[in-house]
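Colleague: for reference, the sequence and a predicted model appear below.
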Amino acid sequence: MSMICWTRMKLSAAAAATLFLCGLACVPPARPAAAQETATVQISVKNRQFEPAEIRGPANKPIVLRVKNLDATPMEFESVTLRVEKVVPANSEGVINLRPLQPGRYNFFDDFHQQTTGVLIIQ
């Protein structure tokens, strides 16, 4: 291979590497799904009643639902429409990660005490 061809190949490889690195610098980093903005909604259970019985959350964003059980007995947060169930031991807190939801009303209840009901309103 002649010296001219070798020099062109080196320049071409160097130019390609430079263009590649410049291209990487111009692309914003991808945000993983876990880094997507989340909303936190809190609710308590006291005397076998949800407090408040009606909670609200944003549409189309993941929601972290914190359920604080202030009673001396366990409870099971359950929702058919949210497709979740979580046992929360007495005097403790459970965390439920909800997928992004469409606007609407999502009913929930304590499966151990089914008269204990509430609703999550997504707007």
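Modeller: Yep, that arrived.

Colleague: contacts, neighbours, all on C-alpha from now
Modeller: OK.

Colleague: next, give phi and psi for the spatially most central residue of the chain.
Modeller: Nearest to the geometric centre of the chain sits P62, at 3.7 Å (C-alpha atoms, centre = their mean). Here is the backbone geometry of P62 (degrees, to the nearest 10): phi -60, psi 150.

Colleague: give me the pLDDT for it.
Modeller: At P62, the predicted lDDT confidence score is 98.

Colleague: which stretches of this structure form strands?
Modeller: 39-46, 49-51, 54-57, 63-69, 75-79, 84-88, 92-98, 104-110, 113-122 (DSSP state E).

Colleague: run a quick neighbour tally on E78.
Modeller: By the measure other C-alpha atoms under 10 Å, the count of residues near E78 is 20.

Colleague: any weak-confidence spans in the chain?
Modeller: By pLDDT under 70, the weakly predicted segments of the chain are 1-36.

Colleague: one more pass at 50, please.
Modeller: Applying pLDDT under 50 to the chain flags the ranges 19, 34.

Colleague: thinking again about what came up before, any figure for the gap between the nearest residue to the residue nearest to the centre of the chain once chain neighbours are set aside and K61?
Modeller: Nearest residue to P62, sequence neighbours excluded (C-alpha to C-alpha, 6 or more residues apart in numbering): P100, at 4.4 Å. For P100, the distance to K61 (C-alpha to C-alpha, to the nearest Å) stands at 4 Å.

Colleague: fine, thanks again, bye for now.
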